[in-house]
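>>> Need a 3D model of the following:
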Amino acid sequence: MKNIKPLITSPHMGNTYIAVKAFLETVGCLYVPCPPTSRRTIELGARYSPEFACFPFKVTLGNMIEALEKGANVILMAAGRKGLCRLAYYHIVQEKILKNLGFEFEMVGLGNNLRDVLFRKIELWSGKRSTLPGLIKATAITFRKLKLIRKIENLTRNLRPYQVERGEVEKISRKALALTEEAKTFSQLKTVEREIKRLFTSIPIMKKREVLKVVVVGEFFCCLEPAVSFQIEKILGEMGVLVTNNMSSYRLAKGFLFPDLQKWWINRFIVKKYLRYSGGGEERRTLGEIEIYARKGYDGVCILSPFLCLPENTAKTILPSLSKKFKIPVLSFSLDENFSEVNMLTRVESFVDMLRRKKNVSGN
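Numbering: from 1, shown residues only. As a prediction, the model looks like this:
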């Protein structure tokens, strides 16, 4: 391993890889993204994971196997900083599984060891000294890209139900993400931001179309990775539903470095009456955002969580009373490798039809 040039990878979580790549390449490291998450990825992860491991563990393990097959030899894996979620132990178990499969690599869990990674590991990987100005520049470019990614994702959600030609928004979104990935400097990013605005403004839309509004909440990995949620945002959008998803890579990265004031406000003033203590996941945010968006007049809620996720299952016991209190329908999915896409599509279609009848809104 000492004589091999470090080739770094990280599991997929939506479009986060674009920002990870930007940071590492700015400080002089080599980065190879995992192949896009596919059915093969999920099957590989499920095959070698413990039976009762949660879905994100299996998917990220599958990502790692495919990246190692491509030649990666260093894996960065989020390890969390505190809390009861098993995310803190993923990288430890995954490393043992992968080494038992015969792979030679270095696993780095990103948690409380951030200082060590920034000032020691990066020097080893890049072959040059880490400087504070260099790290600040890389961090600034990374956060700029994360904000652009969030902007692209929000524009995609907001325009999808109004598009005249199905698939047009998706095509523009892919192009905008590719431009964001290619940009290397602040001036290039500024140019890309203007181009993103121009691209999305050029999409023909039906401005007067009446749409339903649904908020997507739940476990952060399921909300961010389209392959794990089986493209539910796209499906809802093409059915004439305006989707809101407050979870973003930018929000997670910012919350890792600074206090998440929105999360604190939800926990302190909204969720306390339903769930006083955290179970380690996103269950309190799930309950809080249901109340917030119900009061804003949203038509429905879609909850995404991994099968066997204890924190999210705890929240689900409170959902019936919350749904009844605010008169807002809730559609909940427990996701794993055996989840049926056909079953999901049937349930989503029925849910949208019910919301449409409830609101008396005609679709296409």
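
>>> any weak-confidence spans in this structure?
Along the chain, the model assigns pLDDT under 70 to residues 1-3, 80-84, 361-364.

>>> who's in contact with the host helix or strand of Val59?
Secondary structure assigned from DSSP states H and E places Val59 in helix 55-69. Where contact means Cβ atoms under 8 Å, 6 or more residues apart in numbering, the residues beyond helix 55-69 that reach it are 9, 11-12, 32-35, 37, 40-46, 48-49, 75, 77, 86-87, 90, 93-94, 97-98, 101, 103, 105, 219, 221-222, 225, 227-228, 306-307, 335-337. For the C-beta atoms, the positions are set from N, CA and C on the backbone; glycine is no exception.

>>> buried sites along it?
Counting neighbours by 16 or more other Cβ atoms under 10 Å, one finds that the buried residues in helix 55-69 are 55-68.

>>> Looking at those, which is nearest Thr317?
Relative to Thr317, the closest of these is Phe55; by Cβ to Cβ it sits at 20.1 Å.

>>> hang on, the earlier thing: quick check on the contacts of helix 55-69: which are buried?
Applying the neighbour count, that is 16+ other Cβ under 10 Å, the buried entries in these are 9, 11-12, 32-34, 37, 41-42, 44-46, 48-49, 75, 77, 86-87, 90, 94, 97-98, 103, 105, 219, 221-222, 225, 227-228, 306-307, 335-337.

>>> What about the residues you listed, which are in helices?
With DSSP state H as the criterion, helices contain 41-42, 44-46, 48, 87, 90, 94, 97-98, 221-222 from among the buried ones among the contacts of helix 55-69.

>>> Include distance to Trp125 when you put those into CSV, please.
As requested, these are arranged in CSV below (distance: Cβ to Cβ, whole Å):
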residue, distance to Trp125
Thr41, 25
Ile42, 29
Leu44, 26
Gly45, 25
Ala46, 31
Tyr48, 26
Leu87, 24
Tyr90, 21
Gln94, 20
Ile97, 23
Leu98, 19
Phe221, 26
Cys222, 31
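
>>> for these, which one is nearest Glu341?
Glu341 has its nearest neighbour among those in Ile42, at 11.6 Å by Cβ to Cβ.

>>> ok, which stretches of the stretch 101-250 of the chain are strands?
Per DSSP state E, counting those that start in this stretch, the stretch 101-250 of the chain has strands spanning 106-110, 212-218, 241-244. These are given in chain order.

>>> Please export the alpha-carbon coordinates of the second one; PDB is fine.
Included here for strand 212-218 are C-alpha records, laid out as PDB according to Å, rounded to 0.1, in the frame of the first residue of the first chain:
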ATOM      1  CA  LEU A 212     -50.500  19.100  -5.200                       C
ATOM      2  CA  LYS A 213     -47.800  19.800  -2.600                       C
ATOM      3  CA  VAL A 214     -46.100  17.000  -0.800                       C
ATOM      4  CA  VAL A 215     -43.200  17.100   1.600                       C
ATOM      5  CA  VAL A 216     -40.600  14.300   1.700                       C
ATOM      6  CA  VAL A 217     -39.100  13.600   5.200                       C
ATOM      7  CA  GLY A 218     -37.400  10.700   6.900                       C
END
